[in-house]
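Peer 1: Predicted model follows, preceded by the sequence.
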Amino acid sequence: MTANIIDGKKIAQGIRDKLKAAAAELTVKPGLAVVLVGADPASRTYVHSKEKACQEIGFYSEVHRLPETVSEAELLALVSKLNKDSRIHGVLVQLPLPAHIRTDKIILAIDPAKDVDCFHPLNTGALFSGLTSGILPCTPAGCLELIKSTGLALSGKKAAVVGRSNIVGKPAALLLLHHDCTVTLCHSRTADLAAELQQADIVIAAAGRAGLITGAMLKPGAVVIDVGTNRVNGRLTGDVDFASAVQTAGFITPVPGGVGPLTIAMLMQNTLNVCRQKL
């Protein structure tokens, strides 16, 4: 048995096409401001992708590129300015930030109504409570879209999320729970990871460890979503050992070309939703 490869690029393009049509019907252009501090290569790539998506869909876009040496006070002043700018519906500060800047302070400074990354405690708390203002965490929401694309009915299914970060693992588990899955949240202290995964109809791998999950650890026919982005010998690879997992899984995302495009698409969806609410 060989798994079906989930084409994240194709699914994301379909979402962007719908967003472009929806944005064209609005009297105001949805606006997204992205702040990039420093020159981290991965961050620069992501920011470029976001800028390109805005242009394709027809959003208003601003990218503020700041030097690595920018002070925390200067960054906070820029965030405050963007919070007040009526052209901007979404504000995103690209992470990670330099060590001298407190990430939590920057996240708290972003207007929750413009927090299109869904990092602010008010928005994460709303997610926990099952309440949403139209803003969902981008990567977890993208994972959900990829799972839905397989046609799998989520209700009652067993899901395992590997990784407990605030950005992917925890919110992904909550979204699956909201769709009536029975969710196990696995992490570095999980006693027998293989035993947990072999029961799971759905696996989201977001541990940040290359090749952590092999085909032998999976339930035959499982839907496997690989969020991992690890550099190994200069090549991008996921948390799932693709070569073995593709022989066991029913559906699997590649790295790259799986989750990444959906993360950008969900960011655009959040920006459109915020704009609609403002109108």
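Peer 2: That came in fine, so what should we check first?

Peer 1: all strands of the stretch 1-150 of the chain, in order?
Peer 2: Under the criterion DSSP state E, counting those that start in this stretch, the stretch 1-150 of the chain contains strands at 4-5, 31-37, 60-66, 90-93.

Peer 1: Does the shortest one pack against any helices or strands, and if so which?
Peer 2: What it means is strand 4-5. For strand 4-5, the contact count by 3 or more C-beta pairs under 8 Å, 6 or more residues apart in numbering; DSSP states H and E identifies strand 251-252 as packing neighbours. (Each C-beta comes from the backbone N, C-alpha and C, glycine too.)

Peer 1: next helix or strand past the strand it packs on?
Peer 2: Next in sequence after strand 251-252, counting helices and strands by DSSP states H and E, comes helix 259-278.

Peer 1: Output that following helix as CSV - backbone C-alpha positions only.
Peer 2: Taking Å, rounded to 0.1, in the frame of the first residue of the first chain, the C-alpha atoms of helix 259-278 are listed here in CSV:
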residue,chain,number,x,y,z
VAL,A,259,1.5,22.4,5.4
GLY,A,260,3.5,25.5,4.5
PRO,A,261,1.2,26.8,1.7
LEU,A,262,-1.8,26.3,3.9
THR,A,263,-0.3,28.4,6.7
ILE,A,264,-0.1,31.3,4.4
ALA,A,265,-3.6,30.7,3.0
MET,A,266,-5.1,30.7,6.5
LEU,A,267,-3.3,33.9,7.4
MET,A,268,-5.0,35.5,4.4
GLN,A,269,-8.3,34.0,5.5
ASN,A,270,-7.9,35.6,9.0
THR,A,271,-7.1,38.9,7.4
LEU,A,272,-10.2,38.8,5.3
ASN,A,273,-12.3,37.8,8.3
VAL,A,274,-11.0,40.7,10.4
CYS,A,275,-11.7,43.1,7.5
ARG,A,276,-15.3,41.9,7.2
GLN,A,277,-15.9,42.3,10.9
LYS,A,278,-14.5,45.8,10.7
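
Peer 1: So which bits of it are buried?
Peer 2: For helix 259-278, burial by neighbour count (16 or more other C-beta atoms under 10 Å) applies to 259-275.

Peer 1: Now do the residue nearest to residue 245 when sequence neighbours are not counted against residue 222, distance only.
Peer 2: Excluding the flanking residues, the one nearest residue 245 by C-beta to C-beta, 6 or more residues apart in numbering is residue 215, at 4.5 Å. Distance from residue 215 to residue 222, counting by C-beta to C-beta, to the nearest Å: 10 Å.
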